[in-house]
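Asker: Give me a model of this one.
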Amino acid sequence: MRPFLLRVGRRRALQGAAALLGALALLLWWLLPGGTPQPEGRITFSTGVPTGVYQRYGELLDEALRRDLPDVETTLRNSEGSQQNLSRLASGDADFTIATADAVATYLQEGRPGADRLRGCTRLYDDYVQLVVPKGSAVRSVRDLEGRRVGVGQPGSGVRLLADRLLAAGGLDPAKDIRPVPAGIDTMPGLMERGQLDAFFWSGGLPTNAVLRLSERFPIRLVPLEPALVDKLHSEGGPSRYYRSAVIPADAYARAQDGEPVQTVAVANLLVTTESMDATLTEGVTRTVIGSRDRIGREVHPAQLVDLRTALYTDPLPLHEGARRYYRSVKP
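Answerer: Below you'll find the predicted structure:
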């Protein structure tokens, strides 16, 4: 009897050990990157104007996604900017995009189609407003733009939102007190060089290549946007609460700033998708955005500012479940 019982005991012990090893293997399969399902499919990424930061960021992110998610095919689409990007997401014409927090808040506040379906993935970098004038211009403040030809961005851009709000905060009616020119960063520098613009607004990461190249071939200056403008915007509440006072560093545009920092207004950019986007795919895209920060940042300098500690704060949008999974996986 004793040898029989011993054999039974050994068999049960081996069975228990095998069950434990199986459970551990299953756990490792779920936890280790190699054990998670690989995302696959096709996505469309709505970017921005051809010479803007959104477009270049999208191109570099596309390269990173091809390396990290080889079974995902990405298509990039140019756009006028944040407002058009959000409309494309809501209508199903895009799957991921970048938009400023104020543009997102405006879209939500106005209850536009599909607004309740929008979800955040990552807080990216801040856009800085740049009010550009020729070097010898008499314009020293927003108020001085009265009666002048001013590039205010395309109708579907976040620049247009900001320009209209800043003009109003400076005491000007955007439709009556200036001569608005609805152009984007791809055409405004050329218009200024040809004497067809007295000033233009741009909102983007620092430095924006189109502004930098303009400063190297044509004498320009950045007009300060004082904190009082932000105070005025904040007093209005709503989407305007996403603006903050900021400073353009002295070396952002060396030739345009004469070694001096410039006071301005900043707003955060968000990586946005919709609630219907596959969670595994969204987790993979979010992982690549964070993981490729330094590589992309070598060419698109604002990308260096993407910070894992703040990336999950995508207010005014709730986090997508896939993005939430990623942040949980890297939580210390």
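
Asker: residue ranges with poor pLDDT in this structure?
Answerer: 1-36, 332 (pLDDT under 70).

Asker: Tell me the buried residues in the one helix or strand residue 102 maps to?
Answerer: Using DSSP states H and E, residue 102 maps to helix 101-109. Buried residues in helix 101-109, counting neighbours by 16 or more other C-beta atoms under 10 Å, are found at 101, 102, 103, 104, 105, 106, 107, 108. All C-beta atoms are positioned from the backbone trio N, CA, C, and that covers glycine.

Asker: wait, isn't residue 136 in contact with residue 220?
Answerer: No - counting by C-beta atoms under 8 Å, residue 136 sits too far from residue 220 to count as a contact (10.0 Å).

Asker: export the buried residues of helix 101-109 to TSV and tack on distance to residue 206?
Answerer: Output for those, formatted as TSV (distance: C-beta to C-beta, whole Å):
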residue	distance to residue 206
101	17
102	18
103	19
104	21
105	23
106	24
107	25
108	27
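
Asker: If we only consider the residues you listed, which is nearest to residue 303?
Answerer: Ranked by distance to residue 303 (C-beta to C-beta), the buried residues of helix 101-109 are led by residue 101 at 17.1 Å.

Asker: what about the closest one, distance to residue 232?
Answerer: 18 Å (C-beta to C-beta, to the nearest Å).

Asker: and if you look at residue 244?
Answerer: Using C-beta to C-beta, residue 244 is found at 13 Å from residue 232.

Asker: likewise residue 329?
Answerer: Taken as C-beta to C-beta, the span from residue 329 to residue 232 is 42 Å.

Asker: Comparing those two, which residue is more hemmed in?
Answerer: The neighbour comparison of residue 329 against residue 232 (other C-beta atoms under 10 Å) goes to residue 232, with 17 against 12.

Asker: What residues does the more buried one make contact with?
Answerer: Residues in contact with residue 232 (C-beta atoms under 8 Å, 6 or more residues apart in numbering) are residue 169.

Asker: Tell me if it really is in a helix.
Answerer: Yes - under DSSP: H, G, I helix; E, B strand; the rest coil, residue 232 falls within a helix.

Asker: Where does residue 45 sit, in terms of helix or strand?
Answerer: strand 41-46.

Asker: List the buried residues for that strand?
Answerer: Neighbour counts over strand 41-46 (16+ other C-beta under 10 Å) mark 43, 44, 45, 46 as buried.

Asker: so what secondary structure elements neighbour that strand?
Answerer: helix 53-68, strand 72-77, helix 82-91, strand 96-100, helix 279-291 (3 or more C-beta pairs under 8 Å, 6 or more residues apart in numbering; DSSP states H and E).

Asker: How far does stretch 100-107 sit from its chain's centre?
Answerer: Chain-centre distance of stretch 100-107: 11 Å, with C-alpha atoms, centre = their mean, to the nearest Å.

Asker: Over to stretch 195-209?
Answerer: Using C-alpha atoms, centre = their mean, the offset of stretch 195-209 from its chain centre is 18 Å.

Asker: Count the neighbours of residue 116 for me.
Answerer: 12.

Asker: Next: the one 5 residues further on.
Answerer: Residue neighbour count, defined by other C-beta under 10 Å, stands at 28 for residue 121.

Asker: ok so it is a strand residue?
Answerer: Yes - counting by three-state DSSP, residue 121 is located in a strand.

Asker: From residue 78, how far off is it?
Answerer: Distance from residue 121 to residue 78, by C-beta to C-beta: 21 Å.

Asker: can you check residue 301 too?
Answerer: 21 Å.

Asker: where exactly do the helices run in this protein?
Answerer: Counting by DSSP state H, the chain has helices at residues 2-31, 53-68, 82-91, 101-109, 158-169, 188-193, 209-217, 227-235, 254-257, 279-291, 293-297, 321-329.

Asker: can you put those in JSON lines and add distance to residue 149?
Answerer: Listed next are these as JSON lines, based on distance: least, C-beta to C-beta, whole Å:
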{"stretch": "helix 2-31", "distance to residue 149": "59"}
{"stretch": "helix 53-68", "distance to residue 149": "25"}
{"stretch": "helix 82-91", "distance to residue 149": "23"}
{"stretch": "helix 101-109", "distance to residue 149": "25"}
{"stretch": "helix 158-169", "distance to residue 149": "13"}
{"stretch": "helix 188-193", "distance to residue 149": "8"}
{"stretch": "helix 209-217", "distance to residue 149": "16"}
{"stretch": "helix 227-235", "distance to residue 149": "21"}
{"stretch": "helix 254-257", "distance to residue 149": "19"}
{"stretch": "helix 279-291", "distance to residue 149": "38"}
{"stretch": "helix 293-297", "distance to residue 149": "35"}
{"stretch": "helix 321-329", "distance to residue 149": "42"}
